[in-house]
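In: Everything below, folded, please.
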Amino acid sequence: MGIKCKKFKVGDLVTVDNSGFPLVVSEVPNINVGIVMKKMRTKGFYVVYHAGKYHKNVYCEWMRRLV
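Out: Model (predicted):
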C-alpha cells in the first residue's frame, strides 16, 4: 500500500513504521496516516503532523508515501 521513496513534498500523506529500527538513538514514532508539514534543514529529515502533534526529525527511510 505504501510507496518507498526518498523525497517527499509538503502535503504528502505518509505512514511511519517503527518496526525494524532497533538501533536508532531517537524514538521512531508509529504513525498510521500523517501529513508532511515541513522539510528540515538537515538532509532527509521532515516534520510530520499526526493526531494534533508535530513529530520533528522523522527520517525519510522511516516513511512511506500513501497512494
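In: Listing partners with orientation, what would you give for the longest strand along the chain?
Out: For the chain, the longest strand by residue count, based on DSSP state E, is strand 31-39. Within its sheet, strand 31-39 is paired with strand 13-16 (antiparallel), strand 45-50 (antiparallel), according to DSSP bridges.
In: Distance from the chain centre to the shortest one, please.
Out: What that stands for is strand 13-16. Between the centre of strand 13-16 and the centre of its chain there are 6 Å (Cα atoms, centre = their mean, to the nearest Å).
In: what's the model's confidence in that strand, averaged?
Out: Taken as a whole, strand 13-16 has an average pLDDT of 91.
In: So which bits of that strand are buried?
Out: Val14, Thr15, Val16 (16 or more other Cβ atoms under 10 Å). C-beta coordinates here come from the backbone N, C-alpha and C atoms, glycine included.
In: now do the last one
Out: By neighbour count with 16+ other Cβ under 10 Å, strand 45-50 contains the buried residues Tyr46, Val47, Val48, His50.
In: Quick check, pLDDT for Phe21.
Out: What the model reports for Phe21 is a pLDDT of 66.
In: no wait, Ser26
Out: pLDDT, Ser26: 69.
In: hmm, back to that, out of the buried residues of strand 45-50, the closest to Cys60 would be?
Out: Tyr46 (6.8 Å; Cβ to Cβ).
In: Is the closest one bridged to anything, and to what?
Out: With DSSP bridges as the rule, Tyr46 is bridged to Lys39, Val58.
In: Surely it and Arg65 touch.
Out: No: Tyr46 is beyond contact range of Arg65, at 11.6 Å (criterion: Cβ atoms under 8 Å).
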